[in-house]
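1. Let me see the structure of the following:
(chains A and B)
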Amino acid sequence: MRPIGPARLAAIHLRVAALNEFQYRLNFFVQLLQSIVALAVGLIAIAVVYSHTDSLGGWSQAQLLAVMGVHLLIGGVIRTFVAPNMYRLMEDVAEGTLDYALTRPADSQLMVSVRQFSVWSAIDIIMGVLVVLWSGLAVEGAVGLLGTVTFLFVIACGTVIVYSVWLSATTLTFRIIRGDHVMQLLNGIYEAGRWPVTLYPSWLRLSLTFLVPLAFAVTVPAEVIASRFEGSSLVWTVVITAVFAVGTRILWRRGIRNYSGASA
Amino acid sequence: MSVLRTYYPAAARIGFQRDIQYRGATFMAILGFLIEPAIYLVVWRTVAMEQGGAVGGYTVDDFTAYYIVWTLVRVMNLAEAPQSWEWRIREGRLNEMLSVPVHPFHRDFAYYTGAKFVWILMWVPVATVLTLTFQPRLDPQPAHVAGFLVAIWTGFAVRFLLLYLMGMITFWTTRGAAIFDIVVAGELLLSGRLVPLSLMPDWVQSTSNWLPFQWTFQFPIEVAIGRLSNVEILQGIGMQVLWIAGLGLAFSRVWPRALRQYTAVGG
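-> Modelled structure (predicted):
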């Protein structure tokens, strides 16, 4: 029997997760309220900053909305698709139940990346898209068809980047037990993407460009909407995405090679 | 009372030892927490610089001092998250806490008190990097140092009691997450955590006077950076004590009712 393809495998797991969560419909309203609160806090923070200045490091209020929108969008992707799988992976390593995933007739990295979804968190993705649209309308100069295609492309790259960073960090759980603190640290670092990385001092900016490249995952897509995008950023985004995707693959394979199971 | 006198140092020691055992993980958690003020610091320094060096009565140096002291205050006022009660109830961990002849409050408060010393150790390298990078100008007088040493502990007690009280919601519903988020959002905006309250609109400042949040963040910070007179420091500590009494009283009323709601599972 031929193993099923990656897209179908992910779709099946997503469907199961959705059916599971649809049993608890009240959770939708809880998540909606949480997302609205987070959005309101973000908007208030920007409003407070711009009540004291017209420009923040060269970014207008409407342009900064694009950064916030992309930050929400990618954050929603992390919470919906990436983080639930990473927590499951950490749990499996600690409990010794990862063997069940590794023995399946599918690529192990694919398998651990598509098993768990937090369906209601997708509300953040929708909110992020709405804020990006709002910013696109508020910023002078239309984004256009080419800009839209570029935005979708760099957002896809951003998704690959955050997935790669999160999986690389989670792979550390093969060596350390309390991996949840690594996740906490990553969540903290992700908060730095709420503002353009160009604001930060050079050491922090470099870390957020090459170590945890929020510059490419959040700021660059926002630049497309904010009409601040430069062609060279596209090349760098592709290079960084490729480096992180390949690097993560190597780290994963090495991690799996060292994994000896814990109980099963 | 005499039991508590021996219990507190012992439980605090356990808190210290547990967190020092997982020092790598603790350091990463602290680092994750401390990225937040570093972001605010950069944003508000940029605003102040673009406005000619000062905004809302805060100069670039004032912002730097404010957010670097913020990091210590944040480490000091870390407390039991309300969400953890959900886990304690679901997993039956509360049964074990109820079966010992010491109130869970004392156990948690003592544990957090002991663990603080580990977190402060972990905070030192982060604060050193921030200080070397941003070079704050701090010139505290002895009264400010003394006031700060009191205010960070009383501020911790206020925040601990507030979050503990919030945690009681989980005895009635498993969906308290949205309520907790609203409280955290309120804290962010009304405590001086996001930005000193003097930069907020007037109505926000007057609203914050009726809430406990500012006594856990802004007050201790302003004591340390020397923005308050000795009388204001004493008045502020008085307010903290009043909030501790009020929240403590509320908790003592809610706790027996929460326990009546509780049905032990698992454990």
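
2. Show me the shaky parts of the stretch 151-264 of chain A.
-> Filtered on pLDDT under 70, the stretch 151-264 of chain A yields the residue ranges A:176-178, A:261-264.

3. and it, which of its residues are near chain B?
-> For the stretch 151-264 of chain A, the residues in contact with chain B (CB under 8 Å from any CB of the partner chain) are A:176, A:178, A:181-182, A:184-189, A:191-192, A:194-195, A:199-201, A:203-204. For the C-beta atoms, the positions are set from N, CA and C on the backbone; glycine is no exception.

4. Without its sequence neighbours, what residue ends up closest to residue 17?
-> Reading this off chain A. A:F117 (3.9 Å; CB to CB, 6 or more residues apart in numbering or on different chains).

5. You answered for a different chain; I wanted chain B.
-> Of all residues not flanking B:Q17 in the chain, B:G114 sits nearest, at 7.9 Å (CB to CB, 6+ apart).

6. Can you get me a residue count around the one you found?
-> 22 (other CB atoms under 10 Å in any protein chain shown).

7. And the helix or strand hosting it, what's buried?
-> Using DSSP states H and E, B:G114 sits within helix B:104-134. Within helix B:104-134, the residues that count as buried by 16 or more other CB atoms under 10 Å in any protein chain shown are B:104-105, B:107-116, B:118-119, B:121-123, B:126-127, B:130, B:133-134.

8. which residue ranges form the helices in chain B?
-> For chain B, the helices defined by DSSP state H occupy B:2-21, B:23-50, B:60-76, B:83-90, B:93-98, B:104-134, B:142-167, B:177-190, B:202-208, B:218-224, B:230-261.

9. sorry, back to before: isn't the residue nearest to B:Q17 up against B:I14?
-> Yes: with contacts counted by CB atoms under 8 Å, B:G114 reaches B:I14, the gap being 6.7 Å.

10. tell me, how many neighbours does the residue of the stretch 1-150 of chain B found nearest chain A end up with?
-> Going by CB to the nearest CB, chain A is nearest to B:G32 of the stretch 1-150 of chain B, at 3.2 Å. Using other CB under 10 Å, B:G32 is surrounded by 20 other residues.

11. Next up, the contacts around it.
-> Counting by CB atoms under 8 Å, 6 or more residues apart in numbering or on different chains, B:G32 touches A:H181, A:Q184, A:L185, A:L186, A:N187, A:G188, A:I189.

12. Farthest pair within those?
-> Spatially, the most separated pair among the contacts of B:G32 is A:H181 and A:I189, at 12.7 Å (CB to CB).

13. Show the contacting residues for A:V235.
-> Residues near A:V235 by CB under 8 Å, 6+ apart: none.

14. and the gap between A:D107 and A:L9?
-> The spacing between A:D107 and A:L9, counted by CB to CB, to the nearest Å, is 9 Å.

15. neighbour count winner among the two?
-> The residue with more neighbours, out of A:D107 and A:L9, is A:L9; 19 against 13, by other CB under 10 Å.

16. In space, what's closest to whichever residue of the stretch 101-250 of chain B sits closest to chain A - neighbours in sequence excluded?
-> As assessed by CB to the nearest CB, chain A sits closest to B:A178 within the stretch 101-250 of chain B, at 4.1 Å. In space, B:A178 comes closest to A:L33 once its chain neighbours are excluded; the distance is 4.1 Å by CB to CB, 6+ apart.

17. burial count for the residue of the stretch 1-150 of chain A found nearest chain B?
-> Closest to chain B within the stretch 1-150 of chain A is A:L33: 4.1 Å, counting by CB to the nearest CB. Using other CB under 10 Å, A:L33 is surrounded by 17 other residues.

18. wait, it sits on B:A185?
-> No: in this structure, A:L33 is not within contact of B:A185 by CB under 8 Å, at 10.9 Å.

19. The residue of the stretch 51-200 of chain A found nearest chain B: neighbour count?
-> Chain B sits closest to A:G188 of the stretch 51-200 of chain A, with a gap of 3.2 Å, by CB to the nearest CB. Neighbourhood size, A:G188 [other CB under 10 Å]: 20.

20. How is it assigned, secondary-structure-wise?
-> helix (DSSP: H, G, I helix; E, B strand; the rest coil).

21. Now for it: which residues touch it?
-> Applying CB under 8 Å, 6+ apart, the residues near A:G188 are B:L31, B:G32, B:F33, B:L34, B:I35, B:E36.

22. same question, A:V238
-> Residues counted as contacts of A:V238 (CB under 8 Å, 6+ apart) are A:C157.

23. A:D92 now?
-> A:L98, A:Y100, A:A101, A:V112.

24. how about the residues of chain B near chain A?
-> Within chain B, the positions adjacent to chain A are B:22, B:24-26, B:28-29, B:31-36, B:38-39, B:42-44, B:46-47, B:50-51, B:55-56, B:133, B:175, B:177-178, B:181-182, B:185, B:188-189, B:194-195, B:199-201 by CB under 8 Å from any CB.

25. Verify the stated contact: B:F148 with B:P220.
-> Yes: at 6.0 Å, B:F148 and B:P220 qualify as touching, with contact defined as CB under 8 Å.

26. Looking at those two, which is more packed in?
-> Neighbours per residue (other CB under 10 Å) separate B:F148 from B:P220, with B:P220 holding more: 32 against 24.

27. Is that one in contact with B:I152, as I believe?
-> Yes: between B:P220 and B:I152 there is a contact under CB under 8 Å: 4.8 Å.

28. so where's the stretch 151-267 of chain B uncertain?
-> In the stretch 151-267 of chain B, residues with pLDDT under 70: B:266-267.

29. Give me the phi and psi angles of residue 57.
-> You didn't say which chain, so I picked chain A. When read as degrees, to the nearest 10, the backbone of A:G57 gives phi 60, psi 30.

30. wrong one, I was asking about chain B
-> Dihedral angles phi and psi of B:G57 (degrees, to the nearest 10) take the values phi 80, psi 0.

31. ok, back up a step: just the ones of the residues of the stretch 151-264 of chain A next to chain B in helices?
-> Judged by DSSP H, those include A:H181, A:V182, A:Q184, A:L185, A:L186, A:N187, A:G188, A:I189, A:E191, A:W203, A:L204 as members of helices.

32. re the thing from before, compare the helices of chain B and give me the one nearest A:I123.
-> Short answer: helix B:177-190, nearest of the helices of chain B by CB to CB, at 12.1 Å.

33. and the closest one with helix B:142-167, angle?
-> Going by axes from the mean of the first three to the mean of the last three CA atoms, to 10 degrees, helix B:177-190 is angled at 160 degrees with respect to helix B:142-167.

34. Summarise which helices and strands helix B:177-190 is packed against.
-> Helices and strands touching helix B:177-190, by 3 or more CB pairs under 8 Å, 6 or more residues apart in numbering or on different chains; DSSP states H and E, are helix A:26-50, helix B:142-167, helix B:202-208.

35. Tell me which of those sits most buried.
-> Here the criterion is mean neighbour count by mean count of other CB atoms under 10 Å in any protein chain shown, and of these the winner is helix B:142-167, at a mean of 21.

36. Report the inter-axis angle for that helix versus helix B:230-261.
-> With the same axes, to 10 degrees applied, the angle from helix B:142-167 to helix B:230-261 works out at 20 degrees.

37. quick one on the thing from earlier: turn the helices and strands packed on helix B:177-190 into CSV, including distance to A:G128.
-> Formatted as CSV, the helices and strands packed on helix B:177-190 follow (distance: least, CB to CB, whole Å):
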stretch, distance to A:G128
helix A:26-50, 9
helix B:142-167, 28
helix B:202-208, 26
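
38. Between these, which one is closest to A:V220.
-> That would be helix A:26-50 among the helices and strands packed on helix B:177-190, by CB to CB, at 19.5 Å.

39. and the closest one, average pLDDT?
-> The pLDDT scores in helix A:26-50 average 92.

40. Show me how far that helix is from its chain's centre.
-> How far helix A:26-50 lies from its chain's middle: 18 Å, per CA atoms, centre = their mean, to the nearest Å.
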